[in-house]
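# A predicted structure for the sequence below; I have some questions about it.
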6 protein chains.
Amino acid sequence: MRAEVVTFGEIMLRLCPEGYERIVQAQSFGATYAGSEASVAVDLCCLGVPARFVSKVPCNPVGQAAVNALRRYGVGTQGMVRGGERLGIYFAERGMGMRAGQVVYDRANSAMAQASPADFDWDSLLDGAAWLHFSGITPALGGQTPRICEDACRAAHARGIPVSIDVNFRRKLWEPQRAGEVLSRLLPGARLVFCGTQEMEELFGIACEEGAPSERAFAEGAARLCKKFGVGAVATTLREGSRAQENMLAGLLFDGAQCHVSREYDVCIVDRLGGGDAYAAGLICSLLKGETPARAVEFAAAAACLKHTCDGDFMQVTAQEVAALADGAGGGRVRR
Amino acid sequence: MRAEVVTFGEIMLRLCPEGYERIVQAQSFGATYAGSEASVAVDLCCLGVPARFVSKVPCNPVGQAAVNALRRYGVGTQGMVRGGERLGIYFAERGMGMRAGQVVYDRANSAMAQASPADFDWDSLLDGAAWLHFSGITPALGGQTPRICEDACRAAHARGIPVSIDVNFRRKLWEPQRAGEVLSRLLPGARLVFCGTQEMEELFGIACEEGAPSERAFAEGAARLCKKFGVGAVATTLREGSRAQENMLAGLLFDGAQCHVSREYDVCIVDRLGGGDAYAAGLICSLLKGETPARAVEFAAAAACLKHTCDGDFMQVTAQEVAALADGAGGGRVRR
Amino acid sequence: MRAEVVTFGEIMLRLCPEGYERIVQAQSFGATYAGSEASVAVDLCCLGVPARFVSKVPCNPVGQAAVNALRRYGVGTQGMVRGGERLGIYFAERGMGMRAGQVVYDRANSAMAQASPADFDWDSLLDGAAWLHFSGITPALGGQTPRICEDACRAAHARGIPVSIDVNFRRKLWEPQRAGEVLSRLLPGARLVFCGTQEMEELFGIACEEGAPSERAFAEGAARLCKKFGVGAVATTLREGSRAQENMLAGLLFDGAQCHVSREYDVCIVDRLGGGDAYAAGLICSLLKGETPARAVEFAAAAACLKHTCDGDFMQVTAQEVAALADGAGGGRVRR
Amino acid sequence: MRAEVVTFGEIMLRLCPEGYERIVQAQSFGATYAGSEASVAVDLCCLGVPARFVSKVPCNPVGQAAVNALRRYGVGTQGMVRGGERLGIYFAERGMGMRAGQVVYDRANSAMAQASPADFDWDSLLDGAAWLHFSGITPALGGQTPRICEDACRAAHARGIPVSIDVNFRRKLWEPQRAGEVLSRLLPGARLVFCGTQEMEELFGIACEEGAPSERAFAEGAARLCKKFGVGAVATTLREGSRAQENMLAGLLFDGAQCHVSREYDVCIVDRLGGGDAYAAGLICSLLKGETPARAVEFAAAAACLKHTCDGDFMQVTAQEVAALADGAGGGRVRR
Amino acid sequence: MRAEVVTFGEIMLRLCPEGYERIVQAQSFGATYAGSEASVAVDLCCLGVPARFVSKVPCNPVGQAAVNALRRYGVGTQGMVRGGERLGIYFAERGMGMRAGQVVYDRANSAMAQASPADFDWDSLLDGAAWLHFSGITPALGGQTPRICEDACRAAHARGIPVSIDVNFRRKLWEPQRAGEVLSRLLPGARLVFCGTQEMEELFGIACEEGAPSERAFAEGAARLCKKFGVGAVATTLREGSRAQENMLAGLLFDGAQCHVSREYDVCIVDRLGGGDAYAAGLICSLLKGETPARAVEFAAAAACLKHTCDGDFMQVTAQEVAALADGAGGGRVRR
Amino acid sequence: MRAEVVTFGEIMLRLCPEGYERIVQAQSFGATYAGSEASVAVDLCCLGVPARFVSKVPCNPVGQAAVNALRRYGVGTQGMVRGGERLGIYFAERGMGMRAGQVVYDRANSAMAQASPADFDWDSLLDGAAWLHFSGITPALGGQTPRICEDACRAAHARGIPVSIDVNFRRKLWEPQRAGEVLSRLLPGARLVFCGTQEMEELFGIACEEGAPSERAFAEGAARLCKKFGVGAVATTLREGSRAQENMLAGLLFDGAQCHVSREYDVCIVDRLGGGDAYAAGLICSLLKGETPARAVEFAAAAACLKHTCDGDFMQVTAQEVAALADGAGGGRVRR
């Protein structure tokens, strides 16, 4: 059995109005299935890294469609538990110019949010695993999900499987204080943590220098985060831009000793959702292959850049395409 | 102010795969907003009878879209309460031949299911009302909805406003025994009840003659129902057919004394949902205009027949078109 | 230059709601371009008979799109005059079951309705023509169109070009008496006239036997029509059916001496519009090839039958496919 | 009854090719219903200001669909007169880069263009009105529409209802001289007029300083316009840009004494139509709430900016979203 | 490792016009991926039987999309070889009434048609296999495909893995004589063969009684086929009907001793393609579970019936739904 | 007969995912028909220059649809030969930002690639021709296409018909050396050649000055190309830009004596394919009208700029629109 990355979290039905329509005016919705950790699993498969996804979905056609969406991209779904009442849903409308994109969540009482520790046998789920990844959204779902995350981390650490956690703080799901408490129990020993300077301060009280997020502020905060929680590395992205469809984006990776910064990418945005997940997948992919931190952050930023040009939460680009951009190609003459 | 029909219940987002696709294979969903009582209100407006709808929807774009869908057809929405967590959703796939259509509900914890009696000031809501209608789905939503229905009935009776109740038993929502108990508190004094022979037996212990549903069995059961609950009239439809896209349908109306039966209609089905609601709207419309029971049941059956030929839960036909079919027209040469 | 059939009339923008939606609920309209005589020209080209179309369309993108629609199927458009204010429009919704299809016209003041005799130089337009065809809709457009039709007939007769006229009476466009007057000036000398028994009676006072249209009544009326106007042959179709999507259809052709009747076809209807035009095109095609009247009516009825199975006003089937059905094939196993 | 803004004009069917297709190549058209004053009414409702619309539409499904489109957004339609032959239509294709968007009108002979003064009982129509708004397009429709506008203004002035007129000069509808004559009879006493410097000069002979439109030229011309017609305030927008999908836009408001200028907005354009109407609605909304001219022009410019990011002529944004942008937010991180 | 059914053949891109459009008029094509054996593999997965597919597809996005389509339904794709020039394509238009559906193949020179025996290591490909299935289409692809099929059969027989072959004769691909020669080398020892009476006669010279295909003729021919080739069982379907969208269908299974016949199903056809593959999958599924031949043929016919009601070549129904219909349910009331 | 431009090459089915979807994720493909020389013919017709297209397409609905696509725009198709196996296909996905558009060809073994010299009777095909145009793609198709191109050139030269050749080097179709050999036999005597500096060097060994392509390098190389092959004029475009949806573009034309350069256009790209063909059509159109080289290059660059703003390979703009942009208009206020 190939060593695989295991990701753990919620997968939801995503409903998108067509083009630039708003939710309130939509006559139909494009239907895809995604969620932060599901996206990371799919993106890893796109990049050629075997991955499987662990979650709980209801025994109905909507739950089955979520499983099918994962399988389509080659994600292993043997760890998907069936049961519970419903699949979570989110409505996502595209932004344009000064009008930001908008997400309306309808995810309460989902099968995953109501899962119990007994649903997941981590010994079996982590069998053959090379890496474990989840985001702060998973314990933010409430119920027993923090406890399940703790079980997962404990099992991974016991087997020597590296763990990465994307803090991914969502104010609509929980309060900073509660998030800080829960994540403080999960972070210790993580190989890699995705965390921005604002999250460092609000959740963990790690105040960085004032002003806009910067490389220096991140490096300083990341060092303190590593020390505080015994974390191996910390990563984030810096974004700038005033239009919904365009951004400048750079990747940052503090490797425990120094901070590596990618080139700055001119990001044209077809679909903003899943950009952070593509970054996470790119970093995990590169690190698993044993590439240098400098290369890893470049590769991850290129992956995030290309993901933004694709429709849907998933990456839809190949490792070759990401590597070519990371190597300096790009610019858009038709390849023929 | 014109006297208006007030209907009360839940409005949901309906998500339909395209054409004959199944839910599990859908890449997009057509989005409309409907629910039994909302459909009755819209259908009445289509038939030229002013109507308003009372419900509770969340303060978000999805809730607003539900309100807009009602307003589009002229339904009064001043009685819509805003609040709660979510709008209920149902997925509806079209049947074909031997494959029945399928509805997957995701309606738990909706704003309406969690509404409280204090949300609805029936004195004000029934101001200027000429009729009150709801279905058994409303108290089946659980929580305090049975209590709210009782409040509504009490207020209507106090003002001398006729009440109609469509039993509309849904096994996925509650048990027959519980339904029987709750509805037994609501039916007394109703001017008109929609109830089939199977419902009479399972919910209210009114056993009709054996065998397939028939006019005679219905008449017998309806008479006992009228007597048991002090109800003015009972109506239902008889359907036959073995293909999802075709049916024979006839309307039945027991007026407290005798049973009136419509012609039998050859129903071609584009969309089966909302057929019963169109029947209810047709009957209420005709009775409100003071037409005879014999005409009313003919008009209602014609309305149901035409509704089945239209896409969506709503009727989409005019009183003129219904009357023409009830008068014997129909057959489908292009009108030009 | 190949001898070509010339047809003359109005081409309009046709706007159709999707699927079985009604006009009032449509969020988008499929856009095609058609009209009785334009359809005959396209259908002839589909059947391998060269044809050109004479009309007037405005100098704007909508008028150009109408020309393009004709060219796409190989119709000659050198006789299209540019000018006038607008292209006529009609909205066409599909019927289903007891609900008939519906056409809403918005064709007043079109370029063609306001055309003048000076717009059409029939000497040049009929150069190389083998046949001239138009329908009663053309003079029904009002203004100077009756006069233009007379010019066309006179020029055709002078050159010995056979003329066919499809009476095609449309109550929304003119009164039976006015139609009778105008057409009585156009019919004399026509090689072929399409006219049903009801039109014979209402427009030309040719009363046929009572009761539903029948072969015998048609033969009797057609003989009288031939005699009255010096017409060579008369054709029509008989239809029966009570559902918008299904019909029985047979073709009838009185050849001046005897009445030929096609097999009866079980017609499944995707799009009813253009069925009569396909029948006309089939008949003209077969007669131009010198086939017998018996074969011609069989071929024409098969063409009409197949046209009903296609989307849009145009025929979309080949002469081979029509001939195969006329020869007795049909039934719908996939050809592979 | 709540005090409502009454707008008066024509509502049309708008037909748009998909995406960036041109009219000539379209296979389908998106169908919406709009017109300058109808858009202002809808936009006001979106902003939370009750509004109703006065117009005349035909008694057919197309006319009914126009009424439904207004009702969907909460616009009062009790003042809609039914009758006449047709609903006006316009085809609108999207521009891109150096290729400007294009509108093809097919609006002659519409129900509204052929309306008569007797169709509108302004005493009843203005009952409970807080404001009357129309644009120069309404009297440009010809026939008796100038007279009807005069009736409306007279009735409003008699009741002390403020009047706003958007000059909205359309060269395809009338000549500058005729427009100047007609509008000169309507402007006197208006509380607010929307008029650019080019319109001031061409229609009313108010020559402003040479060169590109500027704040100073506008202020000077507006002062003269106020004096000439006894108008309370004059507003316009300044636009710059060489690509169809991008503009810089600023709002200007001369309040009778001084000129207020909004921030300059970087406008990304999904749909340019209705931008001026959103500006008008924003200004009326803000002034009706008693906000300062400085705030009103900021709010109105923000409303126009956001409207451009939405599909269709209507605003589709809430007062909260407009206020947030006017307060300095904006930039397009997804809200989640 | 679970024992899995292995199917072997070609997977193609299927391009379908929308609705009832013909290929010649299509402006867009729905894109799915299918082929006889690929469909059997997917259908088995839908029925809960693990399956994998062996084929060769090109290293490009089109080939990858074919793999993804299989994975989506859970089909194992570890046996997919990458290489060759192109993926085969077929255009499929829907029939209606007297107009048969039509398939236009563009499959020459596909990766699979040009595969070599060295591409397939049957020892490894059949590891853990419980059954091997392919159709006559695979060796009909030409090149070395007959040889590869022989390799597969030999390897399966050596391991005692049951083999089923669906004769599936396609006149567009090869001549009856050549088909007979090639298949005569493949059939010996097969556990199950799908073969109709016409194929028996044309390919293998097994003349059955004259007249339309019948149960008796099939039983007689099947017995001779079993004897001639040492085959365990023979199956087919009988179809009747004259409209493209409706058929009567029954399944037949000769088990080596007697002939079992299913009920006759009234089949409503949304998509005819894949009906025979669903029948094959149903039979294999039932036989693998050890059900009786009588039950197996009933289950298989029900599977075929339900497949016809779904869009696309794949089955899209569950084993529960098939079993319910085989048990006598069906008729199409909405399940809610 | 009007003098017409004859273009010669392959027409293919183009399949495009919707919006910004990638080929691998597409559920449907927009279907259009195009190819370099087919596009030049269509574009010339859009510009008002009569044109016909010579090619070979299969006798099936796909081949017929290609012919229809040409006829729709008025291209003469009397020179289309029917026969061969298939129509070539290409899949084209849209680029965005750093992600370049991508074309996947499936054109091998097409009817045109397998055409023989006997298929084309150039005496008849060039009858009445005013110009002959083809691109290097035609001889790159292999088989006998180089020989056919030689036949065409010889026939054109014999009749004194000017020839233009667009080098259009495609690395996926042939090697630079082979391309150089074949084209060296075709170029001599051409009136106009489209060739960039990189092509000059790689194919013909004409090394220009180092560095990025520039006006000076082009002029130098073009002069040498003219001299080497006895060519009348050489044209190309210069492009710059790093985003798939935006470019700066200028046209260059060396007229044998001096180099003319157009203004630089800010090109916004809806569809990049066909941009070079629009440039070629613009240049041929202008030169045929006898305009100066300076005007011709301006007109051609404007045509290319506008083509990029339209969907599909074809130009979709009129000569008036191109001339207006060439004259300095442009910037995208809605024309109404």
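All right, it came through fine. Everything numeric in this text was worked out from a predicted model, so none of it was measured.
# which residues in the stretch 101-250 of chain A form helices?
Along the stretch 101-250 of chain A, counting by DSSP state H, counting those that start in this stretch, helices occupy A:122-125, A:137-140, A:145-159, A:176-186, A:197-204, A:215-229.
# what's the second one packed up against?
Packing partners of helix A:137-140 (3 or more CB pairs under 8 Å, 6 or more residues apart in numbering or on different chains; DSSP states H and E): helix A:36-46, helix A:145-159, helix A:176-186. In short, each C-beta sits where N, CA and C put it, glycine included.
# if we use 7 Å, what do you get?
Applying 3 or more CB pairs under 7 Å, 6 or more residues apart in numbering or on different chains; DSSP states H and E, one finds that helix A:137-140 makes contact with helix A:145-159, helix A:176-186.
# which residues touch it?
When contacts are defined by CB atoms under 7 Å, 6 or more residues apart in numbering or on different chains, helix A:137-140 is touched by residues A:8-10, A:36-37, A:145-146, A:149, A:168, A:170, A:173-174, A:179, A:182, A:186.
# chain center to it: distance?
The chain centroid and the centroid of helix A:137-140 are separated by 12 Å under CA atoms, centre = their mean, to the nearest Å.
# CA atoms only for that helix - export them in CSV, please.
Output of helix A:137-140 as CSV, limited to C-alpha atoms (Å, rounded to 0.1, in the frame of the first residue of the first chain):
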residue,chain,number,x,y,z
ILE,A,137,-12.7,24.3,10.9
THR,A,138,-13.0,20.7,12.0
PRO,A,139,-13.0,21.3,15.7
ALA,A,140,-15.0,24.5,15.2
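# chain D contacts on chain A?
A:19-22, A:24-25, A:95-103, A:170, A:172, A:241-245, A:272-273 (CB under 7 Å from any CB of the partner chain).
# now, of those residues, which are buried?
Burial by neighbour count, 16 or more other CB atoms under 10 Å in any protein chain shown: within the residues of chain A next to chain D this picks out A:20-22, A:24-25, A:95-103, A:170, A:241, A:243-245, A:272-273.
# in strands, which of the residues of chain A next to chain D appear?
A:102, A:103, A:241, A:242, A:243 (DSSP state E).
# the spatially most central residue of chain A: which element?
Note on chain A: the residue nearest the mean C-alpha position is residue A:277, at 3.2 Å, using CA atoms, centre = their mean. Per DSSP states H and E, residue A:277 falls inside helix A:275-288.
# so does that helix get close to chain F?
No: using CB under 7 Å from any CB, helix A:275-288 stays clear of chain F, with a minimum separation of 12.4 Å.
# any idea which helix or strand comes after that helix?
Past helix A:275-288, the next helix or strand by DSSP H and E is helix A:293-308.
# point out the residues in chain A that sit beside chain E.
Applying CB under 7 Å from any CB, we find that chain A lies next to chain E at A:68, A:71, A:72, A:73, A:74.
# can you narrow the residues you listed to ones near chain B?
Among the residues of chain A next to chain E, the residues lying close to chain B (CB under 7 Å from any CB) are residue A:68.
# buried subset of the residues of chain A next to chain E as a PyMOL selection?
Buried subset of the residues of chain A next to chain E, written as a PyMOL selection, criterion 16+ other CB under 10 Å:
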select buried, chain A and resi 68+71+72+73+74
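# against residue B:103, how distant is the closest residue to chain D within the stretch 151-300 of chain A?
Scanning the stretch 151-300 of chain A for the residue nearest chain D gives residue A:244, at 2.9 Å (criterion: CB to the nearest CB). Using CB to CB, to the nearest Å, residue A:244 is found at 37 Å from residue B:103.
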